[in-house]
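Student: no FASTA, just this:
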Ligand SMILES: [Cu+2]
């Protein structure tokens, strides 16, 4: 049965997909208009795009489990309207996002617009909303007129169910385009959205069951995927620039990315483009983080994006280790370029991408991430587990704060704050100091990170938490509330 909501959702995705019983097609457009290729090297697939029209992006996201194509067969997944990842939502500063979330799961869900600088109240980016099975909820998220362009993403954030729903496949990209995207060399680039995931592969809901050890370490899946496809191949052309927008949508897996066959040019971080792209030799992406790379395709041949091993530490309980990609280097995707050698040029400076220097902090604050022992492991911030009724941190509108987030556990925890972007100014591992804006940063085991947070607007309550989603679900999350300072307007 297809309801009117489903119909809107699928029409909105611009696909003639018919929802049958059982198997649902993957979204496919751009590089490859067909569905999964029945070859050993599946082609790269892009999620469908939904763009705002006259300043409004109006769509429906139906949370539903489904069998989705995988290789020559299918696998069980949590999806948005039958697709994993869900459609890419494209909007501009000042636009309104009107997103109806329909819950066809047997567990509660909601929607978080990760990285967007928007109100956390009411039916905006409010993580305290809970949509019961069978219910629906209309989110209306107003982007400020000065919102930064960038690669953001959406995913469920209903406490207690986040890891399972996201690891199972519920995630999609939000692209905000601003004047930095008008840079001549960038606007000519071939843009590709790349959602990194690591699902468990199986034919029923059993694939999302998690053991106690999984939940302590943070569950990792069987295979790495890019837009739901294992090791896809992009058919590229010489003389072109590729712009890759990466999102780590894995619930726990870290990617230590390397690029072979081309210099690795970092052009953007969580909060959008950086003015001067930087050549780097690798990039660590913790869950929740985004990155943009520019790839100049000048010569025929292959360019391969890989992840190498990363030890994110252990829980200290029963020897559980959180080593991502422990078996060694894994290919994520390959670009296979054809054509005569033709030089492709990258911008050395991106017009309109300048980020103002962080203001001088007027106050400071410290948070401590920890894991408690005992029979049941607990995951805490400042010695407490999450309580939605408690405000842990009170912020004043207009304040500029320097936060030091320290990690006293033996395992890395990626720290994410909602609503805000910050500037990392110092860290125990100086490679964590980013040239761009961030909303998620890894805090290494026994390490610390310092960042500047400028609290300019948006009063209300929201959260900060560990983005290893099993840890968040087990309580490594705190509530902040922003209010006008007493005596100020
Ligand atoms: Cu954690």
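Tutor: Right, received. Where do you want to start? Only a predicted model underlies this, so the values are computations on that prediction, with no experimental measurement involved.
Student: Count the residues that sit near the closest residue to the ion within the stretch 201-350 of the chain.
Tutor: Nearest residue of the stretch 201-350 of the chain to the ion (CB to the ion) works out as residue 218 at 6.6 Å. The C-beta positions use only the backbone N, C-alpha and C, and glycine is treated the same way. Per other CB atoms under 10 Å, the neighbour tally for residue 218 reads 31.
Student: how about it, what does it touch?
Tutor: By CB atoms under 8 Å, 6 or more residues apart in numbering, the contact list for residue 218 reads 163, 251, 252, 287, 312, 322, 468, 469, 470, 471.
Student: With neighbour count and pLDDT as added columns, please give those in TSV.
Tutor: Below are these laid out as TSV (neighbours: other CB atoms under 10 Å; pLDDT from 0 to 100):
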residue	neighbour count	pLDDT
163	25	98
251	32	97
252	27	96
287	31	98
312	25	93
322	23	54
468	31	98
469	28	98
470	22	97
471	30	97
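Student: So which elements touch the helix or strand hosting residue 312?
Tutor: If you go by DSSP states H and E, residue 312 is part of strand 310-314. Counting contacts by 3 or more CB pairs under 8 Å, 6 or more residues apart in numbering; DSSP states H and E, strand 310-314 is packed against strand 321-324.
Student: Quick one: distance of the helix or strand just after the strand it packs on to the chain centre.
Tutor: Downstream of strand 321-324, the first helix or strand assigned by DSSP H and E is strand 330-338. The chain centroid and the centroid of strand 330-338 are separated by 22 Å under CA atoms, centre = their mean, to the nearest Å.
Student: now for strand 330-338, which elements pack on it?
Tutor: strand 233-237, strand 290-297, strand 301-308.
Student: Distance to the ion, mean neighbour count and mean pLDDT for those strands - can I get that in JSON lines?
Tutor: As requested, those are exported to JSON lines (distance: least, CB to the ion, whole Å; neighbours: other CB atoms under 10 Å; pLDDT from 0 to 100):
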{"stretch": "strand 233-237", "distance to the ion": "33", "mean neighbour count": "19", "mean pLDDT": "97"}
{"stretch": "strand 290-297", "distance to the ion": "19", "mean neighbour count": "24", "mean pLDDT": "97"}
{"stretch": "strand 301-308", "distance to the ion": "19", "mean neighbour count": "19", "mean pLDDT": "97"}
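Student: Ok, which of these comes nearest residue 349?
Tutor: Proximity to residue 349 (CB to CB) singles out strand 290-297 among the helices and strands packed on strand 330-338, at 12.4 Å.
Student: can you count the residues close to whichever residue of the stretch 251-400 of the chain sits closest to the ion?
Tutor: Taking CB to the ion, the ion has its nearest neighbour within the stretch 251-400 of the chain at residue 379, 6.3 Å off. If you count neighbours by other CB under 10 Å, residue 379 ends up with 27.
Student: Tell me which of the contacts of residue 218 fall in helices.
Tutor: In helices, judged by DSSP state H, the following of those are found: 163, 469, 470, 471.
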